[in-house]
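> Quick one: sequence and predicted model below, then my questions.
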Amino acid sequence: MEQYELWKTLIREGADVTFWQEFYVKFYQAFIEGDRWKQYLNGVGTTLLVTAMALGIGIVLGIVVAMIRTAHDQQRANLLSNTQRLKVMLGKMKGTIPKDKKILFRNPLLGLLNLICKVYVTVIRGTPMMVQLLIMGFVIFSFSREYTMIGALTLGINSGAYVAEIIRGGLMSLDPGQMEAGRSLGLNYIDTMRFIVIPQAFKAILPSLGNEFIILLKDTSLITVIGGKELVYAAQAIYGRTYEQMFPLIGIACVYLVLVIIFSWLVGILERRLRQSDRR
Amino acid sequence: MIDVKNLTKSFGDLLVLNNISEHIYPGEKIVILGPSGSGKSTFLRCLNQMETPTEGTITFDGMEVTDPKVNIDAIRQKMGMVFQHFNLFPNMTIKKNITLAPVRTGLMTQAEADETAMQLLRRVGLEEKADAYPAQLSGGQKQRIAIVRALAMNPKVMLFDEPTSALDPEMVGEVLNVMKELAAEGMTMVVVTHEMGFAREVGSRILFMDEGKIVEQGTPDEVFNHPQNPRLQDFLSKVL
């Protein structure tokens, strides 16, 4: 403490100081003076909170979208699409198609939902994350000052599109024989999905899902642009006062790195646990 | 028991089943033979709506299977199916594989299903595998489990879709033996197979299919020893 004040004065007066003295002063300034570490800690808290919330929103959205898309694509292949409905109606009116002929179409509601999901995935994947954040923060929710919550919502919506595609890939990659076997036993679609398809698909997609969540964790840093008070915000606030950027930035980089390492480790444990049935 | 009327199935422009009408009586052991691409598997898979027919009706025990509004799950509970590639659920133990459907469909309680599973496993000599996972089993064992899994639902008819085609030759016997026992107990069976010995020994009626039609049928003796249709004669000369 006294040493810090002493060396700081020396540096300010332009005296020759050793590398370690300068290091100590800058470190102290960045993390300890005025209990600044508490600001970082609050930042980490917000980062984790935003990640958790976005994760929740992303998973729920992703599952819903993936279910709609797969249910739509897995409809019986010989059903006519809804665009052909008009043609058949005309045919029946003209008499080229017998009036009492049973013709089955795909579910129109599912078709509409599928279209909405497709648009959602296309728009979200086709625009930059930061632009989405700026639009949400300054256009759609310009009346609100809950920047952290808006950030979490935006990240969740963004993540949902990617998670949906990951889940859809997992569901499609599974041997169709599994669904057939379940249905041939008299299980309904929901039960077959729940007990047979989803558990296997989940195991298959876990690595990509883990990857997506790591990206999400790091993307929380972007909510600074709309004023979300997370880790980057804390670092910016501090170097805005000390004019010393290196220590706060390297510091938060280390924090992100540690968080990601812990997260990857947890995913690894889960993966190993799910591999139980592969033992030979 | 199963009544098929004017069954037609096409995949796009490809006509796989061409206006088939056939009746399967209780207790019959139907064996379907034919060259590959003749529509045998598709015919079998239409019976429990794994494939949706393009035209025609199928009735099972008075219920129209092909009616889009029918409760197809209830019908499938009474029609067991065994697949070429076993299709056991790799994420569950053997016991869970067998008990899942009876419990979820409300046919049995977990305790009843467990007991049924153990009885059936004992019958095929695999009771020590109850807690193993499918990945730990040989092909023949997997197929025997798949048969047991279908039997656990107490089906009225069993459909076999080339049950031995994906097996090592030395494992074919153990699966056929289970099927023979099942036949001896009076189960109604529809079997698509390339095992001529099995067809001759177990089949009560042989259907020979070619190009989406049943071109000849009869008892094993008629079909194997006195084939009439030139296509069947040609087929038999190649496989026997």
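Structure received.
> Just the buried residues of the host helix or strand of residue B:183, please?
For residue B:183, the host element (DSSP states H and E) is helix B:169-184. For helix B:169-184, a neighbour-count test (16 or more other Cβ atoms under 10 Å in any protein chain shown) marks B:171-172, B:174-176, B:178-179, B:182-183 as buried. The way it works is simple: take the backbone N, C-alpha and C, and place the C-beta from them, glycine included.
> Would you pull up how far it lies from the middle of the chain?
Averaging C-alpha positions (Cα atoms, centre = their mean, to the nearest Å) puts helix B:169-184 13 Å from its chain's average.
> before we move on, what about stretch B:60-74?
So, by Cα atoms, centre = their mean, the centroid of stretch B:60-74 is 18 Å from its chain's centroid.
> next one: stretch B:55-73
18 Å.
> contacting residues for residue 114?
You didn't say which chain, so I picked chain A. A:68-69, A:72 (Cβ atoms under 8 Å, 6 or more residues apart in numbering or on different chains).
> Hmm, no, I was thinking of chain B.
Per Cβ under 8 Å, 6+ apart, neighbours of residue B:114: B:95, B:99.
> Look up how far residue A:87 lies from it.
According to Cβ to Cβ, to the nearest Å, residue B:114 and residue A:87 sit 54 Å apart.
> pLDDT below threshold where in the stretch 101-250 of chain A?
Scanning the stretch 101-250 of chain A for pLDDT under 70 picks out A:101-104.
> quick one: the helices in it?
A:108-126, A:129-135, A:147-173, A:176-184, A:189-192, A:198-219, A:231-242, A:246-274 (DSSP state H, counting those that start in this stretch).
> tell me the most buried of these?
helix A:147-173 (a mean of 22; mean count of other Cβ atoms under 10 Å in any protein chain shown).
> near chain B at all, that one?
No: applying Cβ under 8 Å from any Cβ of the partner chain, one finds helix A:147-173 separated from chain B by no less than 13.1 Å.
> what about the residue in chain B positioned nearest to chain A, how many neighbours?
Closest contact between chain B and chain A, by Cβ to the nearest Cβ, is at residue B:77 (3.2 Å). By other Cβ atoms under 10 Å in any protein chain shown, the residues close to residue B:77 number 22.
> what do you get for the one 4 residues further on?
For residue B:81, the tally of surrounding residues (other Cβ under 10 Å) stands at 26.
> and the closest residue in space to the residue of chain B closest to chain A that isn't next to it in sequence, backbone torsions?
Of all residues not flanking residue B:77 in the chain, residue A:186 sits nearest, at 3.2 Å (Cβ to Cβ, 6 or more residues apart in numbering or on different chains). Recorded main-chain torsions at residue A:186 are phi 100, psi 10, according to degrees, to the nearest 10.
> next one: residue B:20
Given degrees, to the nearest 10, the pair of backbone angles that residue B:20 has is phi -90, psi 130.
> which residues touch the one residue in chain A that gets nearest to chain B?
When scored by Cβ to the nearest Cβ, chain A has residue A:186 as its residue closest to chain B, at 3.2 Å. Neighbour list for residue A:186: B:73-78, B:101, B:105, B:153 [criterion: Cβ under 8 Å, 6+ apart].
> Just among the contacts of residue A:114, which is most surrounded?
Counting by other Cβ under 10 Å, top hit in these: residue A:69 with 22 neighbours.
> Doesn't it lie inside a helix?
Yes: Residue A:69 forms part of a helix when assessed by DSSP: H, G, I helix; E, B strand; the rest coil.
> Most distant residue from the centre of chain A?
In chain A, residue A:95 marks the outermost C-alpha relative to the chain mean, sitting 53.3 Å out by Cα atoms, centre = their mean.
> mind listing the strands for chain B?
B:2-11, B:14-24, B:29-33, B:55-60, B:63-64, B:79-82, B:157-161, B:188-192, B:205-210, B:213-218 (DSSP state E).
> Can you add distance to residue A:42 and mean pLDDT and give the ones you listed back as TSV?
Listed next are the strands of chain B as TSV, based on distance: least, Cβ to Cβ, whole Å; pLDDT from 0 to 100:
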stretch	distance to residue A:42	mean pLDDT
strand B:2-11	62	92
strand B:14-24	66	93
strand B:29-33	72	95
strand B:55-60	67	92
strand B:63-64	66	91
strand B:79-82	60	95
strand B:157-161	63	96
strand B:188-192	68	95
strand B:205-210	74	94
strand B:213-218	77	93
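> Which among those is found nearest to residue B:132?
strand B:79-82 (19.5 Å; Cβ to Cβ).
> And the pLDDT at residue A:100?
For residue A:100, the pLDDT comes out at 67.
> re the thing from before, including distance to residue B:50, could the helices of the stretch 101-250 of chain A go into JSON lines?
Formatted as JSON lines, those follow (distance: least, Cβ to Cβ, whole Å):
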{"stretch": "helix A:108-126", "distance to residue B:50": "21"}
{"stretch": "helix A:129-135", "distance to residue B:50": "44"}
{"stretch": "helix A:147-173", "distance to residue B:50": "19"}
{"stretch": "helix A:176-184", "distance to residue B:50": "6"}
{"stretch": "helix A:189-192", "distance to residue B:50": "13"}
{"stretch": "helix A:198-219", "distance to residue B:50": "20"}
{"stretch": "helix A:231-242", "distance to residue B:50": "54"}
{"stretch": "helix A:246-274", "distance to residue B:50": "29"}
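> From residue B:120, how far off is the residue of chain B closest to chain A?
The value you get for residue B:77 to residue B:120, if Cβ to Cβ is used, is 16 Å.
> And residue B:181, by the same measure?
12 Å.
> show me what contacts residue A:197?
Counted by Cβ under 8 Å, 6+ apart, residue A:197 has contacts A:171, A:174, A:178-179, A:182.
> Flag every residue of chain B that's near chain A.
B:48, B:50, B:52, B:54, B:68, B:73-81, B:83, B:85, B:87-92, B:100-101, B:104-105, B:133-136, B:146, B:149-150, B:153.
> Wait, residue B:182 touches residue B:160, no?
No: the criterion here is Cβ atoms under 8 Å, and residue B:182 misses it with residue B:160 at 9.6 Å.
> Need the residues touching each of those two.
By Cβ under 8 Å, 6+ apart, the residues touching both residue B:182 and residue B:160 are residue B:189.
> what residues does the stretch 101-250 of chain A put near chain B?
Going by Cβ under 8 Å from any Cβ, the residues of the stretch 101-250 of chain A near chain B are A:102, A:104, A:175, A:177-178, A:180-188, A:191, A:195-196, A:199-200, A:203.
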